[in-house]
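Q: next comes the sequence, and after it the predicted model I'd like to discuss.
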Amino acid sequence: MPLPAFMTPKRLQFRIVALFLGLLLVVQLASLLLIGNSISVNARSAVNAELRTAERVFEHLLAQNAGRLTDAARLLASDFGFRAAVASNDGETLASALANQGDRIGASLAVFTDARFNLKAATHDGAERFLPTLRQLATAPDATQRLVLLDGEPYQLVAVPVKAPLTIGWVAMGFRIEASLLQEMQQLSSIDVALLTQRGSPPRWDVLQSTLDPAASPQLVEQWLLARETQATHQMSQKERHATLTLTDDGGSRLSGHLLARDMPLGREGEPQTVAVLMRSLDEATAPYRRLQWILLAFTLVAIAVFAVVSVYTARRITTPLKTLAGSARRLGQGDYEQAVPARTDDEIGELAQAFETMRLAVREREGEVRRLAFEDGLTQLPNREQFRADLRAAIQHAQARNEPCAVLMLDLDRFKHVNDVLGHRFGDRLLQEVAKRLTQEARRSNDVVARLGGDEFAMLMPSADIALALGIAQRIQRAFERPISLDDHTVDLGAGIGIACCPAHGVEADTLVSRAELAMYAAKQHQLGVKVYDAALDMSSDESLSLLSELRTAVDRDQLRLYLQPKISLATGAVLGAEALVRWQHPQRGLVPPGKFIPFAEQTGFIRVLTGWMIERSAMVLRQMNAGAPALKISVNLSTRDLLDQDLPAKMQRLIDTLALNPGSMCLEITESAIMDDPQRALQTLERLHAMGFKLSIDDFGTGYSSLAYLKRLPVDELKIDQSFVFNMERDLDDAKIVRSTIDLAHNLGLNVVAEGIETAKAWKLLQALGCDEAQGYFVAKPMPEALFADWIRDWTAPQVQAVRLDTDFSRLAL
Ligand SMILES: Nc1nc2c(ncn2[C@@H]2O[C@@H]3COP(=O)(O)O[C@H]4[C@@H](O)[C@H](n5cnc6c(=O)[nH]c(N)nc65)O[C@@H]4COP(=O)(O)O[C@H]3[C@H]2O)c(=O)[nH]1
């Protein structure tokens with residue numbers, strides 16, 4: 001399960017929440033630490049103060065005791081009876097006086113010694129042990145009282161001289177320091193007291209009396225010694241001598257935990273050391289504050305919880321609009337510009353949202369413009385190829401869903417390029433606009449779509465139209481295009497080739513339908529059919545042609561074109577006059593490809609210009625080799641319509657003359673009749689320029705076109721080639737033979753040389769000879785051969801002997 005955003009470290013929500021809580025935690029922890037520390041410092045100094053006070057109280061208690069002892073001892077020392085007993089050395093009286101006075105003040109011990117500190121009377125046995133202390137006490141100038149140990153018990157001792165008037169003895173009195181004194185102290189000041197002394201051999205510290213449980217004594221000693229060591233190590237002064245002791249609860253002691261302790265040395269130096277240790281529980285002292293701390297901690301936890309909720313809420317308030325913005329940005333990125341970017345607040349995020357919205361509107365507008373430019377033809381405002389394909393795809397889907405047909409119509413203008421070249425591009429553009437208008441008018445059904453696919457190619461999508469309907473519309477368009485278009489001062493006669501493909505009969509894919517309609521259109525143009533409906537036979541030849549076409553572009557660079565030569569022979573003398581240059585394509589996989597397979601497509605794509613250039617150059621080189629020394633031979637090269645319309649052709653030919661030192665008179669350029677008739681005016685211009693440069697010109701395939709004799713007369717041609725279809729048939733068909741004869745006569749009348757191509761038999765040779773034809777070309781002489789073989793062929797050539805060939809009577813008569 002995915003974590004919520006505020007728990008995912010990389011999310012902004014998490015960072016905001018973490019920042020809030022982190023800051024709060026730091027502040028709270030710092031204050032808790034600070035408070036904890038100051039509680040501890042304050043508690044220590046308060047406890048210290050208490051301990052100092054307690055020290056004074058304990059001193060006071062001891063001083064009070066000492067005062068009572070001193071008063072009682074003084075009273076006894078000044079008592080007459082007592083002094084008399086001293087004088088009389090009455091031990092019994094002395095002992096009873098000591099006991100009486102001692103009892104009166106509750107002293108634990110009363111002793112009398114003479115001036116030399118010899119024991120004279122005492123209330124206790126073994127009082128001799130006090131005597132050294134008594135002597136010190138009596139002789140010390142400042143001492144009034146002293147703490148001594150007797151049988152391991154602590155005693156507070158005072159000594160007072162008995163004077164008469166000289167010192168005749170000493171009265172000493174002492175209290176045993178009882179636990180009650182310490183209890184009293186504890187009750188007075190809440191301070192615990194323990195009396196520690198050093199005794200035994202080796203000397204070690206013991207607890208003499210204590211307000212603590214006896215069980216805690218060993219721990220107390222241990223901790224206290226540890227603290228003393230620390231103090232000694234740190235060379236702390238007496239003033240600073242308070243230490244922290246830690247007592248565990250093991251012994252069931254009333255006081256446990258941390259204690260602050262203060263030493264109060266009671267003995268004198270050199271004597272067994274006795275120390276009163278005053279103690280106060282630090283834990284007790286800080287307990288009220290600790291409670292406060294717990295409350296504070298609880299408050300902190302509650303505050304953190306509240307902060308967590310508030311910060312999650314705040315983070316959401318910040319990040320939710322950001323998420324909405326991110327969603328909007330994603331949609332914009334995906335190209336959805338329709339949904340507005342919501343701006344719900346007036347803050348910075350609201351401003352950002354507004355900026356996004358402005359951007360969305362601007363991008364949508366530009367996107368619309370870009371789409372318009374991408375899917376609309378700028379010149380005619382018709383849908384372009386892309387849009388047409390999309391519309392077609394939608395129409396096919398729609399048609400299939402309803403089980404209906406739909407049709408595509410392709411239209412390509414005739415001679416548009418020529419019009420464009422002659423009358424200029426601006427005129428061409430206006431002409432295309434006019435064509436678009438005319439087509440749109442013909443698309444009478446509301447859902448017909450007219451598009452311009454590029455150049456002079458238009459298309460029409462006809463939803464729900466079957467082949468018959470599409471054919472009807474196409475014929476109507478065809479008729480509409482028969483009306484000349486008048487623009488400015490020009491009237492242009494534009495024809496069009498129209499191809500039709502229908503869904504589902506000819507395909508259910510948009511691209512297939514378009515390419516099949518295009519194929520039908522090319523066929524319509526090629527065979528001048530006007531309108532052609534696609535059929536599968538077109539495809540088979542087209543598939544091959546299309547792949548050939550793409551490979552053809554590289555054929556020149558890869559040196560795959562070959563020049564073949566077919567001899568041309570003088571029918572009168574049998575001598576070799578020259579040859580026709582014919583191209584072959586040495587394809588790496590397909591072998592030798594004949595020109596009929598690729599020349600039509602080379603013409604359609606304009607590649608023919610490259611090919612013609614290659615042929616002319618190659619022929620010029622062959623001519624140079626052949627004509628070195630030998631009688632001048634002529635080579636004929638084919639020019640296509642495109643070559644003829646190429647304004648640069650004469651200049652290119654001039655460059656060849658210059659670079660290859662070509663004699664233009666030895667090259668004949670063959671132009672088909674139909675190429676000339678495509679644009680007679682321009683053809684005439686080009687031919688005149690070529691003729692002026694010295695090239696021979698020949699009209700190829702004569703008889704297949706419709707050129708008028710009057711027009712032929714104006715052309716600067718030198719030769720006329722009778723189309724081979726007439727030559728093939730002339731032996732059998734008298735009519736064809738008559739056409740050949742009249743063509744020969746006509747050509748001779750116009751001063752033209754006549755060539756017959758397609759001579760396959762000796763009979764045809766003889767008949768043409770008889771009809772006065774000048775030159776012969778055909779398989780009867782030789783098939784086209786690689787250029788390299790031509791020289792050998794000429795050497796081996798002998799004119800055919802046709803005397804024995806007999807012509808039918810009708811044909812013989814024709815020759816007369
Ligand atoms: N059945 C038969 N055929 C004969 C006979 N004598 C010649 N032919 C063939 O007739 C065609 C004559 O060339 P074309 O009319 O210019 O017709 C040419 C020409 O229009 C075109 N072509 C060939 N080479 C070129 C070229 O370099 N440039 C251009 N533009 N077109 C070319 O291709 C066409 C076909 O050329 P090819 O296949 O080489 O076919 C050649 C030739 O082999 C014969 O006795 N019997």
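A: Received, thanks. Numbering: from 1, shown residues only.

Q: what about the residue in the stretch 1-150 of the chain positioned nearest to the ligand, how many residues nearby?
A: Ranking the residues of the stretch 1-150 of the chain by distance to the ligand (Cβ to the nearest ligand atom) places K10 first, at 71.2 Å. Using the backbone N, CA and C atoms, a C-beta is placed for each residue, glycine as well. Residue neighbour count, defined by other Cβ atoms under 10 Å, stands at 7 for K10.

Q: that one and V312, how far apart?
A: Separation of K10 from V312 (Cβ to Cβ, to the nearest Å) stands at 16 Å.

Q: what residue of the protein is the furthest out?
A: Of all residues in the chain, S88 has its C-alpha farthest from the mean position, at 123.3 Å, by Cα atoms, centre = their mean.

Q: what residues are up against E153?
A: Counting by Cβ atoms under 8 Å, 6 or more residues apart in numbering, E153 touches R176, L208.

Q: so R741 makes contact with L814?
A: Yes: with contact defined as Cβ atoms under 8 Å, R741 counts as touching L814 (5.8 Å).

Q: name the residues contacting each of those two.
A: Taking Cβ under 8 Å, 6+ apart as the contact rule, the neighbours common to R741 and L814 are L771.

Q: who touches the helix or strand containing V514?
A: Using DSSP states H and E, the element containing V514 is helix 510-526. Contacts of helix 510-526 from elsewhere in the structure, counted by Cβ under 8 Å, 6+ apart, are 388-389, 392-393, 396, 408-412, 414, 459, 497-503, 506-507, 529-535, 538-539, 542, 600, 604.

Q: redo that, cut-off 6 Å
A: For helix 510-526, contacts defined as Cβ atoms under 6 Å, 6 or more residues apart in numbering pick out 389, 392-393, 408, 410, 412, 497-501, 503, 506-507, 531-532, 534, 538, 542.

Q: which positions in it come out as buried?
A: By neighbour count, and taking 16 or more other Cβ atoms under 10 Å as the criterion, the buried residues in helix 510-526 are 510, 512-525.

Q: now the stretch 151-300 of the chain against the ligand: closest residue?
A: T300 (99.1 Å).

Q: over to that residue. Which of the three states is it?
A: Three-state secondary structure (criterion: DSSP: H, G, I helix; E, B strand; the rest coil) places T300 in helix.

Q: do I168 as well
A: Per three-state DSSP, I168 ends up strand.

Q: let me see the contact set for it.
A: Shown in contact with I168 (Cβ under 6 Å, 6+ apart): V86, A115, V162.

Q: that's a helix at the residue of the stretch 1-150 of the chain closest to the ligand, yeah?
A: No: counting by three-state DSSP, K10 is not found in a helix; it is coil.

Q: for the strand or helix carrying H258, packing partners?
A: With the criterion set as DSSP H and E, the secondary-structure element containing H258 is strand 257-265. Using 3 or more Cβ pairs under 6 Å, 6 or more residues apart in numbering; DSSP states H and E as the contact criterion, the secondary-structure elements in contact with strand 257-265 are helix 12-78, strand 242-247, strand 274-281, helix 282-333.

Q: partners of it, with directions?
A: Strands that pair with strand 257-265, judged by DSSP bridges, come out as strand 242-247 (antiparallel), strand 274-281 (antiparallel).

Q: out of those strands, deepest packed?
A: Mean neighbour count (mean count of other Cβ atoms under 10 Å) peaks for strand 274-281 among the strands paired with strand 257-265, with a mean of 24.

Q: about what we covered before: export the helix holding V514 as PDB, just CAs?
A: Listed in PDB are the C-alpha atoms of helix 510-526, where the atom choice follows Å, rounded to 0.1, in the frame of the first residue of the first chain:
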ATOM      1  CA  ALA A 510      -6.300   4.700 -46.000                       C
ATOM      2  CA  ASP A 511      -2.700   4.500 -47.400                       C
ATOM      3  CA  THR A 512      -3.600   1.600 -49.700                       C
ATOM      4  CA  LEU A 513      -6.700   3.400 -51.000                       C
ATOM      5  CA  VAL A 514      -4.700   6.600 -51.700                       C
ATOM      6  CA  SER A 515      -1.800   4.800 -53.400                       C
ATOM      7  CA  ARG A 516      -4.300   2.700 -55.500                       C
ATOM      8  CA  ALA A 517      -6.200   5.700 -56.500                       C
ATOM      9  CA  GLU A 518      -2.900   7.400 -57.400                       C
ATOM     10  CA  LEU A 519      -1.900   4.300 -59.500                       C
ATOM     11  CA  ALA A 520      -5.200   4.500 -61.400                       C
ATOM     12  CA  MET A 521      -4.600   8.200 -61.900                       C
ATOM     13  CA  TYR A 522      -1.200   7.600 -63.400                       C
ATOM     14  CA  ALA A 523      -2.600   4.900 -65.700                       C
ATOM     15  CA  ALA A 524      -5.400   7.300 -66.700                       C
ATOM     16  CA  LYS A 525      -2.800   9.900 -67.600                       C
ATOM     17  CA  GLN A 526      -0.400   7.500 -69.300                       C
END
